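Undergrad: here is a sequence with its predicted model. Questions after.
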Amino acid sequence: MNIKKKFLSMILIAALIVTSFTGFAGNTRVHAAESDGEITVYVSISDKGDVVVRQQSVEVTDVDDDGALTIADALYCAHEKYYKGGAAAGYAAEEGQYGLGLTKLWGDESFNFGYYVNDNMAWSLTDPIADRDYVTAWIYKQMIFNEDGSMTSDAYSFFNTRVYSAKKGATKKLSLSYYVYDENWNLVAQPAKNAVITIGNKPTEITTSKKGKFSLSFNKSGSYFVSAFNENDDPVLVPPTLVIFIQPDKGEVIEVKNKKYTVTKNGKVKTDKKGKVTFSKSANNGKSAPKTIEYAGVTYKVKVVD
């Protein structure tokens, strides 16, 4: 047996145990962030390559009363909000020999799990999280222990950005990378070439270049969820996540929850900014308008015109 490959296999197995099977109680960051009410994080969950939670906002509280807001809290709250039957049906974590361990993710009890924060390896479910962090968890699609002692498993992949806004027709250049281990067993990023880009979980004809580069543009306002996969599964990718907001033009009619609005001020090309819209009660069968609406990443103030 190749000693180097065997050692790499041991490193990979140890990483899996630390990040998904058992947790690691010795992490020095565990008590770094104390609970301070509620924070909002963005959670992505994939089930064997299928993205089931698409970088969705989750309001996180200290559900386990340990005095800190952690990955465990975020995953519990994400299941409570998005999993049918809530956290009681889809999520579980238990204290074990090495600390708090993930035992059920999205209803799966295979123990073949992983999780990162802000595209960096996490050491434990008790790692602290902060407001606006990105939490990614997944059920492995591939986990093979080879005869030579090595192991083949999904590679964590990520875009060079998590969210962006743009005007219609604007072209955005992006890149996709994934992690591998170098000769010193450190995680290093390398370009993900020939990966298929998906929009709304549907494959497109767009593929990444040898350097992992690709471009996107949209001619219709709204929000778009972008991910990617390898057709030949070489390697199998943990699906990356990206949300794109395309802002409506002045004068454009948009529809939100079956109500129509006319944009009276161009939405600024930046998330969480406010624009203005008008609302016609006569055009909406006398329905009343809310004070604000959310559309394509922008909070709009609403003015009733009749």
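TA: Arrived safely, thanks for sending.
Undergrad: which residues are in contact with the most centrally placed residue in the chain?
TA: Note on the chain: the residue nearest the mean C-alpha position is residue 44, at 3.1 Å, using Cα atoms, centre = their mean. Contacts here follow Cβ atoms under 8 Å, 6 or more residues apart in numbering; on that basis residue 44 touches 51, 53, 54, 55, 56, 134, 135, 136, 137, 239, 241. Any C-beta I mention is one placed from the backbone N, CA and C, and that applies to glycine too.
Undergrad: among these, who's most crowded?
TA: The residue in the contacts of residue 44 with the most neighbours, by other Cβ atoms under 10 Å, is residue 137 (29 neighbours).
Undergrad: checking that residue next. Helix, strand or coil?
TA: At residue 137, secondary structure determined by DSSP: H, G, I helix; E, B strand; the rest coil is strand.
Undergrad: same question for residue 77.
TA: Residue 77 ends up helix, using three-state DSSP.
Undergrad: isn't it right next to residue 59, touching?
TA: Yes. Checked against Cβ atoms under 8 Å, the pair residue 77 and residue 59 is within contact range at 6.6 Å.
Undergrad: out of those two, which sits in the busier spot?
TA: Ranked by neighbour count (other Cβ under 10 Å), residue 77 and residue 59 place residue 77 first, with 21 against 13.
Undergrad: pretty sure residue 264 is touching residue 279, no?
TA: No. Taking Cβ under 8 Å as the definition, residue 264 is not a contact partner of residue 279, at 10.2 Å.
Undergrad: anything in contact with each of those two?
TA: In contact with both residue 264 and residue 279: residue 303, using Cβ under 8 Å, 6+ apart.
Undergrad: more crowded one of these two?
TA: Neighbours per residue, other Cβ under 10 Å: of residue 264 and residue 279, the larger number sits with residue 279, 22 against 15.
Undergrad: look up how far residue 237 lies from that one.
TA: Per Cβ to Cβ, to the nearest Å, residue 279 is found 43 Å from residue 237.
Undergrad: which helix or strand contains residue 89?
TA: Using DSSP states H and E, residue 89 sits in helix 87-90.
Undergrad: just checking, next helix/strand downstream of that helix?
TA: strand 92-96.
Undergrad: one step back: touching the helix holding residue 89 from outside, list them.
TA: So helix 87-90 is in contact with 76, 77, 79, 80, 83, 84, 104, 105, 106, 107, going by Cβ under 8 Å, 6+ apart.
Undergrad: tell me how far it lies from the chain's centre.
TA: 20 Å (Cα atoms, centre = their mean, to the nearest Å).
Undergrad: check which residues of that helix are buried.
TA: 87, 90 (16 or more other Cβ atoms under 10 Å).
Undergrad: all the helices of the protein, residue numbers only.
TA: Secondary structure of the chain by DSSP state H: the helices cover 3-16, 71-82, 87-90.
Undergrad: and the residue nearest to residue 276 when sequence neighbours are not counted, how many neighbours does it have?
TA: Once flanking residues are discounted, residue 276 sits nearest to residue 265: 4.3 Å by Cβ to Cβ, 6 or more residues apart in numbering. For residue 265, the count of nearby residues is 13 (other Cβ under 10 Å).
Undergrad: and for residue 40?
TA: 11.
Undergrad: is it true that the residue nearest to residue 276 touches residue 250?
TA: Yes. Between residue 265 and residue 250 there is a contact at 6.4 Å, judged by Cβ under 8 Å.
Undergrad: report the contact partners of residue 103.
TA: Taking Cβ under 8 Å, 6+ apart, one finds 92, 93, 94, 109, 111 in contact with residue 103.
Undergrad: cool, residue 141 as well?
TA: Listed by Cβ under 8 Å, 6+ apart, the contact set of residue 141 reads 48, 49, 154, 233, 236.
Undergrad: specify which residues of the protein, grouped into ranges, have pLDDT under the cut-off.
TA: 1-36, 146-151, 266-275 (pLDDT under 70).
Undergrad: excluding chain neighbours, what is closest to residue 222?
TA: Residue 222 sits nearest to residue 296 (Cβ to Cβ, 6+ apart), 5.3 Å away.
Undergrad: what about that neighbour, how many residues close to it?
TA: Residue 296: 21 neighbours (other Cβ under 10 Å).
Undergrad: quick check: the gap between it and residue 224.
TA: Counting by Cβ to Cβ, the gap from residue 296 to residue 224 is 9 Å.
Undergrad: what do those two both touch?
TA: 245, 246.
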